[in-house]
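Undergrad: sequence and computational prediction follow.
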Number of protein chains: 2
Amino acid sequence: MTTPRFGRIGDGPSAPAGGEAFAELAASGGGRVVRSASRGQQDPAGQWYDQAEAEFVLLLAGAARLGFADGTERSLAPGDWAVIPAHCRHRVAWTDPAAETLWLAVHLPAT
Amino acid sequence: MTTPRFGRIGDGPSAPAGGEAFAELAASGGGRVVRSASRGQQDPAGQWYDQAEAEFVLLLAGAARLGFADGTERSLAPGDWAVIPAHCRHRVAWTDPAAETLWLAVHLPAT
């Protein structure tokens, strides 16, 4: 299939209050590009993602805070990106409950 | 290496007039995330990219037009994305010469 596809990042599933919604925009060869919307969603304290894949995230709208297993946190505003290497334990510590937070997430195969 | 990295998508190399500038933000397992800035850059008519990898692009600022080997063109405004499958022949037909166009490009390994 060599036909291109197009879309607008603002179009997609809305996050329910306290939750999140995902849409896969592209996938190939173990890599994936995902649009993610969240509204007040947060991962429980002490519950870490420990992924076999590296992840790149770009915050497009809203506000969020990422937490890491070393105790550090990082606030993200629109335009901020993060690269989370494979097995870097992390969680979403906070997203704005008053507005939708929109992320682009790229899952890259492990090296 | 499991330490996260952070940045702002607005920070990076500026495009020269008529040209483009790239910065690789993440790479793993044959996938790559690249920040690209262009200012009036366009690929010569009739010169097509024919890539072995699939590509996802998201226009973040500015304005651009993609051209395809079937003769169609597609204008992109901020928030517009495109998925260009492997071997889908395409070119950058136009980018705004008056302002910088900022892209996020994701190269996904072939399936």
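TA: Happy to help now that I have it. Residues are numbered from 1 along each chain as shown, chains lettered A, B, ... in the order given.

Undergrad: contacts only, for A:R65.
TA: Counting by Cβ atoms under 8 Å, 6 or more residues apart in numbering or on different chains, A:R65 makes contact with A:73-76, A:92-95. Quick note: C-beta positions are derived from backbone N, CA and C, even for glycine.

Undergrad: ok, which of the residues you listed also contact chain B?
TA: With the criterion set as Cβ under 8 Å from any Cβ of the partner chain, the members of those near chain B are A:R74.

Undergrad: for chain A, which residues score under the pLDDT cut-off?
TA: A:1 (pLDDT under 70).

Undergrad: what about 50?
TA: For chain A, no stretch is flagged by pLDDT under 50.

Undergrad: need the strands for it, in chain order.
TA: Assigned by DSSP state E, the strands in chain A fall at A:5-8, A:19-28, A:31-39, A:54-61, A:64-68, A:73-76, A:80-84, A:90-95, A:101-108.

Undergrad: paired strands for the first one, with orientation please.
TA: Each strand paired with strand A:5-8, and its direction, by DSSP bridges: strand B:80-84 (antiparallel).

Undergrad: what residues does the partner strand touch?
TA: A:4-9, A:25-26, A:33, B:51, B:54-59, B:66, B:74, B:76, B:90.

Undergrad: what subset of the residues you listed is buried?
TA: Neighbour counting over these (16 or more other Cβ atoms under 10 Å in any protein chain shown) leaves A:4, A:7, A:9, A:25-26, A:33, B:51, B:54-59, B:66, B:76, B:90 as the buried ones.

Undergrad: in the residues you listed, find the pair that's most separated.
TA: Among these, the pair separated by the greatest distance (Cβ to Cβ) is A:I9 and B:Q51, at 22.2 Å.

Undergrad: of the contacts of A:R65, grab the buried ones for ChimeraX.
TA: Command for ChimeraX, covering only those of the contacts of A:R65 found buried under the criterion 16+ other Cβ under 10 Å:
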select /A:76,92,93,94,95
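
Undergrad: quick one: which of the contacts of A:R65 is nearest to A:P13?
TA: Of the contacts of A:R65, the one sitting nearest to A:P13 (Cβ to Cβ) turns out to be A:T95, at 15.4 Å.

Undergrad: what sits against the closest one?
TA: A:38-42, A:62-65, A:101.

Undergrad: who's it bridged to?
TA: With DSSP bridges as the rule, A:T95 is bridged to A:A64.

Undergrad: before we move on, what about A:R5?
TA: Going by DSSP bridges, A:R5 forms beta bridges with B:V83.

Undergrad: compute the number of surrounding residues for the closest residue in space to A:A61 that isn't next to it in sequence.
TA: Closest residue to A:A61 apart from its sequence neighbours, by Cβ to Cβ, 6 or more residues apart in numbering or on different chains: A:L102 at 4.2 Å. Per other Cβ atoms under 10 Å in any protein chain shown, the neighbour tally for A:L102 reads 21.

Undergrad: cool, and A:A61?
TA: 17.
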